[in-house]
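*Asks:* got a sequence here, can you model it:
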Amino acid sequence: MKKSIILIICILLLTVSCNSSSKNNKVEKDITVACYYFPGYHTHLPGDLPYTKRYSPEWNEWELVKNAVPRFEGHYQPRVPLWGYQDERDPKVMEQKIEAAVDHGVNVFIFDWYTYESRPFLNRALDEGFLKAKNTNELKFALMWANHDWMDLFPCEIDQPYNVLYSALVTSESFDKIGDSLIEHYFTKSNYWLIDGKAYFSLYEIQKFIESFGSLKATRFEMEKLEQKAIKAGLKGIHWNLVSYGDPILPGGTAPTDTRKIVDELKINSVTSYVWMHHTGMPELVTDYDSVRNQYFKYWEDVKDLYGVPYYPNVSIGWDSSPRTNPEGKWRSDAGYPFAPTIGSDPDKFRVALEMTKQKLLADPDGANIFNINCWNEWTEGSYLEPDTVYGMRFLEALKAVFVNTK
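*Replies:* From the prediction side, this is the model:
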């Protein structure tokens with residue numbers, strides 16, 4: 001009898017212990033840190049779209065970074081990269097970036113990906129640099145299709161017309177070609193980021209995508225064709241991600257009017273954000289970072305259950321698009337993009353935002369375990385993890401302190 005009682009007690013204790021362990025494991029879930037990568041810092045091919053109509057093949061956005069000037073007292077410009085003005089199509093340059101990213105807690109690079117008239121643009125950082133780096137398999141990568149019109153902007157003058165150099169609209173035929181290229185060159189790579197066996201593919205301008213095909217039904221039909229191609233190639237399908245925003249920022253952009261309906265009818269798998277500015281105001285010439293963070297966290301709370309699919313939050317590092325304006329021209333913060341107020345960037349405040357994001361994700365054991373950072377290298381928009389000559393590696397070190405050193 002005593003042995004039976006002891007056995008029952010042991011079983012109960014073991015059950016409690018297992019349940020407790022299960023709960024702890026659920027709370028202490030692994031969080032995937034994805035980081036947007038803007039591939040605008042490499043030389044181009046002769047005739048490369050869309051720079052053909054304005055720039056030489058040697059031009060890239062480092063020229064904007066080098067020529068940036070302070071626009072007001074205390075304005076931190078120009079910003080000088082600690083690693084120099086590197087050509088990111090060089091595999092050795094990418095090897096340094098990959099090593100630093102992995103060492104400091106980045107799991108995925110989400111490349112801003114462009115194509116116009118079914119031809120690639122700004123692709124050499126990924127195709128020639130990242131994918132040919134010796135350590136490429138140490139870091140996952142994915143694509144965010146930056147399917148917005150390409151405007152004749154940089155360097156921008158106040159009140160200049162926003163002429164469209166290339167439209168982001170596609171046809172059924174061109175999207176078929178794009179899809180074939182996506183699967184052949186990216187989705188089937190061993191280090192492409194898969195979620196539940198599906199290739200993560202993010203759409204920046206969902207309204208532009210729908211406009212291309214004329215209706216939600218027709219758009220879903222095109223998406224299903226690409227999914228079937230992915231399945232035939234050995235994947236479980238496409239993980240369709242939608243970038244949501246209220247303020248499109250870029251000229252000509254159109255914010256979705258009914259995101260939930262789009263998510264439901266297009267069978268979107270997840271929703272995310274690209275940058276805090278898409279959801280927040282910047283009332284001051286230099287808006288306080290914590291103020292913008294608090295606005296964004298309120299947005300996050302408001303939408304976490306709105307879309308009916310997981311929402312992957314964003315942490316932004318700062319904002320300053322003034323390098324994309326003509327340094328010799330007039331400047332006003334209220335003249336529209338890229339003439340905009342700035343968000344002060346600070347490594348210590350960035351670390352707090354990371355800690356808050358981590359705790360919010362961990363507090364919801366059944367919620368998303370993914371967030372993204374804007375950005376690895378948005379030098380011309382003042383939001384970058386890469387080291388500069390003022391802060392050194394401190395932004396990367398902040399990330400490492402929160403997501404590597406705590407494990």
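*Asks:* ranking helices and strands of this structure by mean pLDDT, which lands last?
*Replies:* helix 2-27 (a mean of 41; mean pLDDT, DSSP states H and E).
*Asks:* give me the residues contacting the helix or strand just after that helix.
*Replies:* Next in sequence after helix 2-27, counting helices and strands by DSSP states H and E, comes strand 32-37. Strand 32-37 has contacts (Cβ atoms under 8 Å, 6 or more residues apart in numbering) with 101, 105-112, 125, 142, 144, 193, 274, 312, 369-378, 385, 399, 403. C-beta coordinates here come from the backbone N, C-alpha and C atoms, glycine included.
*Asks:* show me what contacts the nearest residue to Ser316 once chain neighbours are set aside?
*Replies:* Computed as Cβ to Cβ, 6 or more residues apart in numbering, the closest residue to Ser316 that is not its neighbour in sequence is Trp276, at 4.1 Å. If a contact means Cβ under 8 Å, 6+ apart, then Trp276 has 292-293, 295-296, 314, 316, 319, 343, 374 as its contacts.
*Asks:* please repeat the previous calculation with a cut-off of 10 Å.
*Replies:* 282, 289, 292-293, 295-297, 299, 313-319, 343, 353, 374, 383 (Cβ atoms under 10 Å, 6 or more residues apart in numbering).
*Asks:* just checking, which of those belong to strands?
*Replies:* Within these, residues falling in strands by DSSP state E are 314-316, 343, 374, 383.
*Asks:* ok so, going back, please list only the buried members of the contacts of strand 32-37.
*Replies:* 101, 105-112, 125, 142, 144, 193, 274, 312, 370-378, 385, 399, 403 (16 or more other Cβ atoms under 10 Å).
*Asks:* which of these fall in strands?
*Replies:* Using DSSP E, these in strands are 108-112, 142, 144, 312, 370-374, 377-378.
*Asks:* quick check: phi and psi on the closest residue to Arg71 other than its chain neighbours?
*Replies:* Excluding the flanking residues, the one nearest Arg71 by Cβ to Cβ, 6+ apart is Trp331, at 4.9 Å. Trp331 has phi and psi values of phi -140, psi 130 when expressed as degrees, to the nearest 10.
*Asks:* for Trp331, give its distance to Phe339.
*Replies:* 6 Å (Cβ to Cβ, to the nearest Å).
*Asks:* is it true that Phe187 touches Lys232?
*Replies:* No - using Cβ atoms under 10 Å, Phe187 makes no contact with Lys232, being 11.5 Å away.
*Asks:* between the two, which one's more packed in?
*Replies:* Phe187 (25 against 9; other Cβ atoms under 10 Å).
*Asks:* list the contacts of the more buried one.
*Replies:* 142-143, 179, 181, 193-194, 198-201, 226, 229-230, 233-235, 238.
*Asks:* where exactly do the helices run in the stretch 101-250 of the chain?
*Replies:* Along the stretch 101-250 of the chain, the stretches classed as helices by DSSP state H, counting those that start in this stretch are 124, 172-182, 206-213, 216-232.
*Asks:* and the longest one, what does it pack against?
*Replies:* It refers to helix 216-232. Contact here means 3 or more Cβ pairs under 10 Å, 6 or more residues apart in numbering; DSSP states H and E; on that basis helix 216-232 packs against helix 172-182, strand 198-203, helix 206-213, strand 238-243, helix 259-266.
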